[in-house]
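# no sequence for this one, just the structure:
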């Protein structure tokens, strides 16, 4: 029970932090976009584009938490928690597209650097840096940026955004002191590379969850050993471990037990297993107990075959 309470508390904190961050980033993104147009700076526009993706990602993350709160029903027996992962993937893909657009724009500017109002660019980029530092600090203090994929995606956006602002500041200084017009598209390319990297990471992690991949914080070998070495269990097969959403891992398997085991003993054994697997980051466990007649099934992982239509699979 304590676990759920902790989950709810971090959930509320995450939501509050997201909302504050969303407001700050959105307001400044508009300022930076206008500033980018007025000063003719691609680095500022790139950073504003990055901030737009931040605002979108924070907005999606907020919606995801909102949807995730909807109770499970007959049509969604796990509830809407997985929406969070879909949001993370959508967010990652958006970042990759934005990065491609910035690269494309920068090529034209390298070949033909336009005049940039460098002082205005410097001022706007410096304020942008302060805004990003503030948001990153709020997130670090108040939210779960380690384990929650959705929050982590939003946080990574803000961090790479911070680097984007630094790039724009350096570019403005180079233009002011040395007249190097190419510093502006160069800074925008660096921002685009950062955007691309965080987009790739978030998309990859999200797809891993959608593909029912084994969660990164679960060691399969240890889980198998714990189940196999539990007193009364003689074998295990059809084992699955997957994530429903960030911080919520599930396990299901078939365990072959001693034929003479009583119901009380099997319940005690399951409680002990539940306790031990909780330490392996498994939060939801379903174990089907079977008699020794199933012992010949020696494949630990399930080998589900697609059946031709009309054929019935006897387990």
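That came in fine, so what should we check first? Remember, it's a predicted structure, so these values are computed and weren't measured experimentally. Numbers count the residues shown, from 1 in each chain.

# okay, CA-based contacts and neighbour counts for the rest of this
Fine.

# state the helix or strand in which residue 202 lies.
For residue 202, the element it lies in under DSSP states H and E is helix 183-210.

# tell me how far that helix is from the chain's mean position?
Taking CA atoms, centre = their mean, to the nearest Å, one finds the center of helix 183-210 at 13 Å from the center of the full chain.

# just for the stretch 151-300 of the chain, where's the confidence low?
296-298 (pLDDT under 70).

# and after the helix holding residue 202, which helix or strand comes next?
Next along from helix 183-210, by DSSP H and E: helix 220-228.

# list the buried ones in that next one?
220, 223, 227-228 (16 or more other CA atoms under 10 Å).

# and stretch 83-103, by the same measure?
83-96, 98-99, 102-103.

# this structure: helices as residue ranges?
With DSSP state H, the ranges of helices along the chain come out as 2-39, 42-68, 83-111, 118-142, 149-178, 183-210, 220-228, 263-278.

# which ones are touching residue 216?
Not one residue lies near residue 216 by CA atoms under 8 Å, 6 or more residues apart in numbering.

# phi first, then psi, for it.
Dihedral angles of residue 216 (phi, psi; degrees, to the nearest 10) stand at phi -60, psi -30.

# and the strand ranked longest in the chain, what does it pack against?
Assignment by DSSP state E gives strand 233-245 as the longest strand of the chain. On a contact count with 3 or more CA pairs under 8 Å, 6 or more residues apart in numbering; DSSP states H and E, strand 233-245 meets helix 183-210, helix 220-228, strand 248-257.

# put together a markdown table for the ones you listed, with distance to residue 138 on each row.
Below are those laid out as a markdown table (distance: least, CA to CA, whole Å):
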| stretch | distance to residue 138 |
| --- | --- |
| helix 183-210 | 20 |
| helix 220-228 | 35 |
| strand 248-257 | 25 |
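
# out of the ones you listed, the one nearest residue 275 is which?
helix 220-228 (11.0 Å; CA to CA).

# check the offset of that closest one from the chain's centre.
With CA atoms, centre = their mean, you get 27 Å for helix 220-228.

# what's the angle from that helix to helix 263-278?
160 degrees (axes from the mean of the first three to the mean of the last three CA atoms, to 10 degrees).

# relative to strand 248-257, how tilted is helix 220-228?
Using the same axes, to 10 degrees: helix 220-228 against strand 248-257 is 40 degrees.
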